[in-house]
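Engineer: The following block contains a protein sequence and its predicted model.
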Amino acid sequence: MKYYRSIKAYLEEIKSPHKAIVAFSGETDVEGQMMTESQLNGFPSDEIAEKIPEHPYRFLVCADKFQTGYDEPLLHTMYVDKKLSGVQAVQTLSRLNRSHPNKRSAFVLDFYNNAETVTEAFSDYYRTTLLSEETDQNKLHDLQRELEDAQVFTQEQVDTLVERYLSGERRDTLDPLLDPCEAIYKTTLDEDGQVDFKGKAKAFVRTYDFLASILPYSNGSWEKLSIFLTMLVRKLPAPKEEDLSKGILDAINMDSYRVEKQERLKIMLGDEDAEIEPSPTGGGGAKPQPELVRLSEILQTFNEQFGTLFTDADRIFRRIQEDVAPAVEKDEAYQNAKTNTPGKSRLELTAAVKKAMGPMLRDDTEFYKQFVQNDSFKRFVTDFVAELISE
């Protein structure tokens, strides 16, 4: 509570537009009065995870809650002032490792634990990682030349977009600058050319991001091109392909398909050093083979984690597939966000799933209760729906 009150007081003192959220179980003494987290925050406890990504909240102060199972890609920085060891240290610090299009790093400031303690905690799960060979930074010159030769963009377009981006302009005002590039990509490149260009653009961004973190010098033209391509790639449509996964869910008899619940094992990597390949500099431009839905894996995860919560787990699985996912797919707010403001699509997806769950209060109370009260189950439902309706 001292941290929360101090942060809150400081934000008010500097007239910051941002606020903090506090998370704890039960009640705590606040100036002689017993209060709950919902009373201090001004909204129900089960809405904390949904509020964190929204304005004006930027800080989450907690002791034990949200150390495990909390999946928020926007989390970037963690301040630690408590003992962490073993699996608790791994689970807590791993809250920061969720990827987000605008997040290129993470940061931890630990006031309590030392590096040896954290290293020991992670050593049970990760062994030494060796790089099999160096990443050739000269390949960036080749990629840059090949991308420019495709004539999808000009240096003037790169300079203009980056200048406006660095000046703080919103993404929706920058997208029109990329529209001409998208049009050229669609009209002048055949399918193989599109695959090649997009693959090389991704390779350039991936390789530059890796090298930028270790090179003792900077390259302004590479930095600009990396920013430009990061935004452009998101607008470029992938070549159309047949979706072989469609219809598989309907073809499987869920009533007869059960996965036996097995003992949950610790996540343990092999007790041996690992060798990884360097960051690839090649474009890897090849049309991807359509992937089948990993239904058996998803169903196994569902049964292992949540199967015992329901009298008929298969019924719940079908509800997600047949009732919730179709309703979310028709949600206009979510579809608009996915098309026009991709950065907000996850928030709209969460809201759409919550809306689609409304009828379950009447039709399937058992399902609805777990969705409202169990954050892990709510995340599973949301992620599964996202996979079902993804293109």
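Structural biologist: Structure's in. What do you need? Numbering: from 1, shown residues only.

Engineer: What residues sit buried inside stretch 142-150?
Structural biologist: 143, 144, 146, 147, 150 (16 or more other CB atoms under 10 Å). Just so you know, the C-beta spots here come from the backbone N, C-alpha and C atoms, and that holds for glycine as well.

Engineer: what do you get for stretch 192-199?
Structural biologist: 194, 195, 196, 197, 198, 199.

Engineer: Can you list the low-confidence ranges for the stretch 201-350 of the chain?
Structural biologist: When residues are selected by pLDDT under 70, those of the stretch 201-350 of the chain lie in 210-218, 238-296, 342-343.

Engineer: thinking again about what came up before, possible to save the buried residues of stretch 192-199 as a markdown table with distance to residue 87 and secondary structure?
Structural biologist: Formatted as a markdown table, those follow (distance: CB to CB, whole Å; DSSP: H, G, I helix; E, B strand; the rest coil):
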| residue | distance to residue 87 | secondary structure |
| --- | --- | --- |
| 194 | 45 | helix |
| 195 | 42 | helix |
| 196 | 44 | helix |
| 197 | 44 | helix |
| 198 | 40 | helix |
| 199 | 38 | helix |
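
Engineer: any idea which of those residues is closest to residue 356?
Structural biologist: Distance to residue 356 across those (CB to CB) is lowest for residue 198, with 33.0 Å.

Engineer: Thought residue 233 was touching that closest one, still the case?
Structural biologist: Yes - taking contacts as CB atoms under 8 Å, residue 198 lies within contact range of residue 233: 6.4 Å.

Engineer: and the chain, what are its domains?
Structural biologist: Here the domain parsing of the chain from automatic domain parsing is 2-127, 139-235, 294-389.

Engineer: quick revisit: how about the buried residues of stretch 192-199, which pair is most distant?
Structural biologist: Farthest apart among those by CB to CB are 194 and 199. That separation is 9.3 Å.

Engineer: residue ranges of the helices in the stretch 251-391 of the chain, please?
Structural biologist: 295-306, 313-319, 325-329, 332-340, 345-356, 360-363, 365-373, 375-389 (DSSP state H, counting those that start in this stretch).

Engineer: Return the distance of the first one from the chain's centre.
Structural biologist: Here the centre of helix 295-306 is set off from its chain's centre by 21 Å, with CA atoms, centre = their mean, to the nearest Å.

Engineer: again, but for the shortest one
Structural biologist: In this view, helix 360-363 has its centroid 30 Å away from the chain centroid, taken as CA atoms, centre = their mean.

Engineer: Can you give me the buried ones in stretch 350-370?
Structural biologist: 350, 351, 352, 353, 354, 356, 357, 360, 364, 367, 368, 370.

Engineer: The third one is in contact with residue 326, isn't it?
Structural biologist: It stands for residue 352. No - using CB under 8 Å, residue 352 is not in contact with residue 326, being 11.3 Å away.

Engineer: Surely residue 382 is in contact with residue 352?
Structural biologist: No - judged on CB under 8 Å, residue 382 makes no contact with residue 352 at a distance of 9.2 Å.

Engineer: re earlier: in helices only, show me the buried residues of stretch 142-150.
Structural biologist: Applying DSSP state H to the buried residues of stretch 142-150, the entries found in helices are 143, 144, 146, 147.

Engineer: which pair in the residues you listed spans the largest distance?
Structural biologist: Top of the distance list for these (CB to CB): 144 and 146, 7.5 Å.

Engineer: so what's the residue nearest to residue 366 when sequence neighbours are not counted up against?
Structural biologist: With CB to CB, 6 or more residues apart in numbering as the criterion, residue 366 has its nearest non-adjacent residue at 6.0 Å, and that residue is residue 310. Residue 310 is in contact with 316, 366, 367, 370, counting by CB atoms under 8 Å, 6 or more residues apart in numbering.

Engineer: Throw those into JSON lines and include distance to residue 209, thanks.
Structural biologist: Supplementary listing: the contacts of residue 310 in JSON lines, determined by distance: CB to CB, whole Å:
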{"residue": "316", "distance to residue 209": "40"}
{"residue": "366", "distance to residue 209": "46"}
{"residue": "367", "distance to residue 209": "42"}
{"residue": "370", "distance to residue 209": "40"}
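
Engineer: out of those, which one sits closest to residue 167?
Structural biologist: Nearest to residue 167 among the contacts of residue 310, with distances taken as CB to CB, is residue 370, at 47.2 Å.

Engineer: show me what contacts the closest one?
Structural biologist: 306, 309, 310, 377.

Engineer: returning to that earlier point: could I get the buried residues of stretch 192-199 as TSV with distance to residue 91?
Structural biologist: Formatted as TSV, the buried residues of stretch 192-199 follow (distance: CB to CB, whole Å):
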residue	distance to residue 91
194	41
195	39
196	41
197	41
198	36
199	35
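
Engineer: can you redo those as CSV with pLDDT and distance to residue 20?
Structural biologist: Compiled in CSV, the buried residues of stretch 192-199 are given as follows (pLDDT from 0 to 100; distance: CB to CB, whole Å):
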residue, pLDDT, distance to residue 20
194, 89, 46
195, 87, 46
196, 88, 48
197, 92, 45
198, 90, 41
199, 87, 43
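
Engineer: sorry, back to before: may I see the helices of the stretch 251-391 of the chain arranged in TSV, with distance to residue 172 as well?
Structural biologist: Below are the helices of the stretch 251-391 of the chain laid out as TSV (distance: least, CB to CB, whole Å):
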stretch	distance to residue 172
helix 295-306	34
helix 313-319	36
helix 325-329	23
helix 332-340	7
helix 345-356	14
helix 360-363	35
helix 365-373	32
helix 375-389	23
